[in-house]
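Colleague: Predicted model follows, preceded by the sequence.
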Amino acid sequence: MSNYFKVFRRKPTAMAGLIIVIFFILMALIGPFFFPLDLRAYPAKRYLPPSWQHPLGTDAYGRDVLMQIINGSRDALFIAALTGLVTIFIATVIGVSSGMLGGLFDEVLMRITDTFLLLPQYPLLLLIAAILPAGRELTLVEVSLIIGIVQWPNTARAIRSQVLALRERPFIEAARCLNLGNLHIIFREIIPNLMPYLVMNFFLALTGGIYSQVILFSLGILRFTSVNWGVMINIAMAESALINQRAWIYLFSPIICIVLLQTGLVLISSALEEVFNPRLRTEE
Amino acid sequence: MRWIVRKTVFSIVTLFVAITVTFFLYRVIPGNPVDLMLNYYLSLGYSYEEALSRVLMMVPFVPTAPLHEQYIDFLRGILSGDFGYSFTLAQPITRILGYAIPWTVFSLSISLVISFMLGTVIGMYIAYKRGSLIDRIMSFYASVTTAMPQNILGFFLIWSLAIQLRLFPKELGPYGPTVDPSKFNLEFILSVLRHAALPILTYVLTTIGSWVLMMKSSTISVLGEYYVTAAEARGLKDRRIITTYVGRNAVLPLFTRFAIALGFMFGGALLIENLFLYPGIGRYLTIGIQMRDYPLVTAGFLITSVATVLGNLFAELLYSRLDPRIKFE
């Protein structure tokens, strides 16, 4: 744990990323108490400019934009976090077992992984997301599961090659000499040593989760009854916000949030990568 | 030779998986599109036979036959190039593909080449200037943009360049509303180029980052090789070392990625084509999904998969030509 603190203390970019991400997490956790979700239409308040009462103005239905951004952050972060966990879980199970057991098992698993890697990722995502619900709304958990299932192969390959490198290290050999068994080696030796790498890949998977949900929601593939940044972009485009000057704030608020959040996540993951992968270090 | 055969067999298996996944989504899972279509026509008051014959027009198999027979018919239809009939656009799928593929290939091949060439040059430059301010800025830009959905940048570009500065046409689509697309004249070509500029710019700006990062790390590893040191020791000119010794070897692994990207290209750029209303494969795939037009979706997805798999196979073959060592591994 203290290792991670050191990374953030030493690298100002990582610290900036952390602050951004914490800001959004706080927004998602505390924000809705101050700006409760209210999706009723107020025709009289259509496209109000920013004011004290509506800091970011209102949208085509007279709903407060800031309220939507804050409540939308909750869904965005929830999907991203769950997607990250699902991706890392599948990728770790497959990568570690494939790398440790080797032989035919490894060969078969990697063939399956390669097949998935070759399928076009985003069209596949759209296809599954469109057909699976069969007329009803997908829940947040289902959306996260779909994204996770589509994006695990890259991570699994990366984790496997890390395991292959770890396996040759002397301390694993020592554990084998002590006849500690595969389970002990995997959970007591491999996984702890893999941890920084998994954390870094978790942050990468988070950016993937945001990316994929923006695609799904902004293209209107998933209709969503609640608010969500991607849904906001979709509605804004349907209101032709690019040529409608009054709707610019409504279009660009979610966009700027996405840019900020992705930048924060990338800053964290690349700082972690640089620290735990010394070959990338630019200065000593 | 055996190596090539193995790769080819693997590609065919992958395509087979793609087709099977499509069929599975299409026909097997509960509440699947074919059943939904059938129920839709029944709910409109058609008799069962009539509803069935309407569905039959759109899918290349008989929905009431045993599942394995449907699967075989589905395979046969795809192998003979019969993807069925799009019911939202009221056209055979093959005609839609024939219209969409040229637009995708035109816009994306230009984008891809620009992005690749600029990216490798910048990547090499910052590998030489490792640790400098320009390296930090470019590396930061590269890693951030790879995580950014492409339409996000597209919004900024349309808003700033087309609407505020009026440098590019404000209306979206492949050509202006006043142009007659049936006449292939100068006016048409100019309009097409002006309308393609922003999509191409968006594509280049969002994909250049990954080329920059790949070229940077590739160049750094080549710079550590002994033959570069030896070339320097022999007093060769910097220019010569940079182009023939470093550049040529560093760009080698990127060619495979380029070949893969060429394959991916046929899938279109989902977000860019949708944002700019550009009538490529990605746009039609999205229309199909939004309209629940399953023959269109299947065809779009399969085209994308075929192109990806072929691109990948081509990349493997190309790499074995460029670097013969790979065959012996």
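Modeller: That came through fine.
Colleague: who in the stretch 1-150 of chain B is up against chain A?
Modeller: Within the stretch 1-150 of chain B, the residues that sit near chain A (C-beta under 8 Å from any C-beta of the partner chain) are B:10-11, B:13-14, B:17-18, B:21-22, B:25-26, B:29-33, B:36, B:130-131, B:135, B:140, B:143-144, B:147-149. Heads up, the C-betas are built off the backbone N, CA and C, glycines and all.
Colleague: Just the buried residues out of the residues you listed, in ChimeraX syntax.
Modeller: With 16 or more other C-beta atoms under 10 Å in any protein chain shown as the criterion, this ChimeraX line picks the buried residues out of those:
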select /B:10,11,14,17,18,21,22,25,26,32,33,135,140,143,144,147,148,149
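Colleague: Any stretches of the stretch 201-329 of chain B with poor pLDDT?
Modeller: B:268, B:323-329 (pLDDT under 70).
Colleague: how about the residues of it near chain A?
Modeller: B:217, B:264, B:267, B:270-271, B:274, B:282, B:285-286, B:289-290, B:292, B:294, B:297, B:300-301, B:304-305, B:308-309, B:312.
Colleague: let's see 7 Å
Modeller: B:264, B:267, B:270-271, B:274, B:285-286, B:289-290, B:297, B:300-301, B:304-305, B:308-309, B:312 (C-beta under 7 Å from any C-beta of the partner chain).
Colleague: distance of B:Phe276 from B:Gly98?
Modeller: Counting by C-beta to C-beta, to the nearest Å, the separation of B:Phe276 from B:Gly98 is 21 Å.
Colleague: okay, those two: which has more neighbours?
Modeller: B:Phe276 (25 against 10; other C-beta atoms under 10 Å in any protein chain shown).
Colleague: Hmm, that one is touching B:Ala197, no?
Modeller: No - taking contacts as C-beta atoms under 7 Å, B:Phe276 lies outside contact range of B:Ala197: 10.3 Å.
Colleague: intersection of neighbour lists for those two?
Modeller: Residues touching both B:Phe276 and B:Ala197 (C-beta atoms under 7 Å, 6 or more residues apart in numbering or on different chains): none.
Colleague: Hmm, A:Thr92 and A:Thr155 touching each other?
Modeller: No - the pair formed by A:Thr155 and A:Thr92 falls short of the contact definition of C-beta under 7 Å, at 8.3 Å.
Colleague: The two: which is more packed in?
Modeller: A:Thr155 (25 against 22).
Colleague: For the spatially closest residue to that one that is not a sequence neighbour, the count of nearby residues, please.
Modeller: Once flanking residues are discounted, A:Thr155 sits nearest to A:Ala91: 3.7 Å by C-beta to C-beta, 6 or more residues apart in numbering or on different chains. For A:Ala91, the neighbour count with other C-beta under 10 Å is 26.
Colleague: ditto for B:Leu44
Modeller: B:Leu44, neighbours per other C-beta under 10 Å, totals 10.
Colleague: phi, psi of it?
Modeller: Torsion angles at B:Leu44 (phi, psi; degrees, to the nearest 10) stand at phi -80, psi 0.
Colleague: Make sure A:Met67 is actually in contact with A:Phe34.
Modeller: No - counting by C-beta under 7 Å, A:Met67 stays clear of A:Phe34, with 9.3 Å between them.
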